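Colleague: model the structure of this input:
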Amino acid sequence: SYLDGVELIGPLLTGKFLSLVFLTLWWMVVFSSFNTTFGNFYFGRDIEWMLSSPLPLASFVSLKVFRNFAASSLFSFLAVIPILFAFAQVRKTDVFFYFLSSFALFLFLFSATMSGTFVVLNLNYVFPASKLRSIFWSLIVVFGTALYVLVRLLSPEKLARPDALQTVAEYLNYLETPVARLLPSGWFYRIVLDAAAGAINFHYLLLFMAFCGSVYFLVVFQAKRLYLDSFSKKNFVRMIKPETSRQNRSPFVAIIIADLKMFFREHQRWTQLILLLGIFVVYLVSIKKIPADTVYLKTFVSFLNLGLIGFVISALSLRFVFGIFSLEARTWWVYVTSPLGQKMVMFSKYLLFGGFVVIIGLLLGVSSNLFLSVQPRLLFLNVSVIFFIAVALSLLALYYGARFPKKNFASSTEIEGSSGGIFYIVTSFFLVGLNLSILAVPYQYYYRMLLVPQDYTKIILVFFTFCIGLNIAISGFSIRNTVKALNSYGDL
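Modeller: Residues are numbered from 1 along each chain as shown. Down below sits the predicted model:
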């Protein structure tokens, strides 16, 4: 209400934000329909039964299309309803606005779903569905990560500040520029804007209806021609040449290489590295933009940074370390019956995944402290503590994963959401808080030492050493009990 009431730029700024929201939602539904089309048309459990029934193919496709529409549009529908309601309250519209905008919203979501479904059905005729789904998932992750980093680098909070641009005229021209006028999101924006003024935009309504009808007809027409052929070759099989250099490979290295191949074979796991890279960049950019100009602020932000990195390491350990044994619970008998020792298997898996988590924690610690321009002594102490916290948290995740495995799961996310995963998160957060409470004392003395010419180095080193010793003790406890948990194979 306040933003829309600002003289001259208020309505323009509200319209700009609204058009950007509609554009984002339209693409979100398109990408969502990519995923739901694979599930509803190619990997659903009821597909073979429905195709073997006397149901006509056109009816089968129509049923799947509307199921696809409901699955891909539900959350976007729930997200846009409060926005339209708030816009109606600000513009003080009548009941006519709600009826017209609801009908336009149906066309808006339906057009996005049909566009995504049409693209997937045609591409699946050329590429196997299993391979294409991996490609789509990878592209979505890359696109989403790049967009997330780009938005953060552009500092969108400056949009609400006219003084951020060089002239007022430049600012007004930017606000008056239409957003995606040729896409259905632009049509929906014009219909909503005119409906708020009490008018019906017949031009865009008819265009919307014609577009939805045309795309729906094309989806049904192409499905009748291509669907059965694409469904029959949905699986992708690749011939693997036998390796001849395995004789000289040590069992330790062989386990690491096998885990690497399994990791990169599942697109839902390795694409998380791209998301992790985006979060890493955004975290460092946010640290860089913190106005820590004084000694007190630098010390305080450096202390809070330790806690944030601890929470990040805890989340990474849950994702990459906790599920190691659950993912191989059904084939763990291979390791048990082989001449390999349980300790060798445990350390080889921890070296790959736990080592990765420790390296990420160290990179975050070094980079963020350099951006904060902390003194070299404090930088060394911070990085040392981060290293031992990362080792303790990752080994603790290894222990909880062996002690509380989940054998029956449909996806790896169910492993993290199990009772053992929740128990680990609570314990790891408590451990991070305990480390922060211990480190709060030396940070206070360090700040006093910067203000008053008095040496508190011994007190600072005592508390840092105690914190490191605590994490070493937790690491030893985790290793010893992980071996015990693995020896009781019947529980796994």
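Colleague: how much space separates residue 379 from residue 208?
Modeller: With distances taken as CB to CB, to the nearest Å, residue 379 is found 58 Å from residue 208. For every residue, glycine as well, the C-beta is placed using N, CA and C.
Colleague: what does residue 377 give?
Modeller: Going from residue 377 to residue 208 by CB to CB gives 65 Å.
Colleague: let me see the ranges of the helices in the stretch 251-400 of the chain.
Modeller: 251-265, 267-270, 272-288, 295-320, 324-327, 332-337, 342-349, 355-371, 376-403 (DSSP state H, counting those that start in this stretch).
Colleague: what residues sit buried inside the fifth one?
Modeller: Using 16 or more other CB atoms under 10 Å as the test for burial, helix 324-327 gives 324, 325, 326, 327.
Colleague: dump the residue contacts of the third one.
Modeller: Looking back up the chat, that one is residue 326. By CB atoms under 8 Å, 6 or more residues apart in numbering, residue 326 lies in contact with 401, 405, 406, 407, 409, 415, 418.
Colleague: if we ignore the residues flanking it in sequence, what's nearest residue 71?
Modeller: In space, and not counting its chain neighbours, residue 71 is closest to residue 36: 4.5 Å by CB to CB, 6 or more residues apart in numbering.
Colleague: that neighbour contacts residue 72, correct?
Modeller: Yes - judged on CB atoms under 8 Å, residue 36 makes contact with residue 72 at a distance of 4.6 Å.
Colleague: which one of those two has more residues nearby?
Modeller: Counted by other CB atoms under 10 Å, residue 36 and residue 72 do not tie: residue 72 has more neighbours, with 25 against 22.
Colleague: which of the helices or strands spans that one?
Modeller: Assigned by DSSP states H and E, residue 72 falls within helix 57-91.
Colleague: so which elements touch that helix?
Modeller: Under the contact definition 3 or more CB pairs under 8 Å, 6 or more residues apart in numbering; DSSP states H and E, helix 57-91 sits against helix 10-41, helix 95-126, helix 184-196, helix 202-232.
Colleague: list the buried residues for the first one?
Modeller: Along helix 10-41, these residues count as buried under the neighbour rule (16+ other CB under 10 Å): 11-23, 25-41.
Colleague: helix or strand right after it?
Modeller: Counting by DSSP H and E, what follows helix 10-41 is helix 47-52.
Colleague: what packs against that next one?
Modeller: The contact analysis (3+ CB pairs under 8 Å, 6+ apart) places helix 47-52 against helix 202-232.
Colleague: now the helix it packs on against helix 95-126, angle please.
Modeller: Comparing the axes of helix 202-232 and helix 95-126 via axes from the mean of the first three to the mean of the last three CA atoms, to 10 degrees yields an angle of 30 degrees.
Colleague: off-centre distance for helix 202-232?
Modeller: Chain-centre distance of helix 202-232: 31 Å, with CA atoms, centre = their mean, to the nearest Å.
Colleague: so which elements touch that helix?
Modeller: Helix 202-232 sits against helix 47-52, helix 57-91, helix 95-126, helix 184-196, with contacts defined as 3+ CB pairs under 8 Å, 6+ apart.
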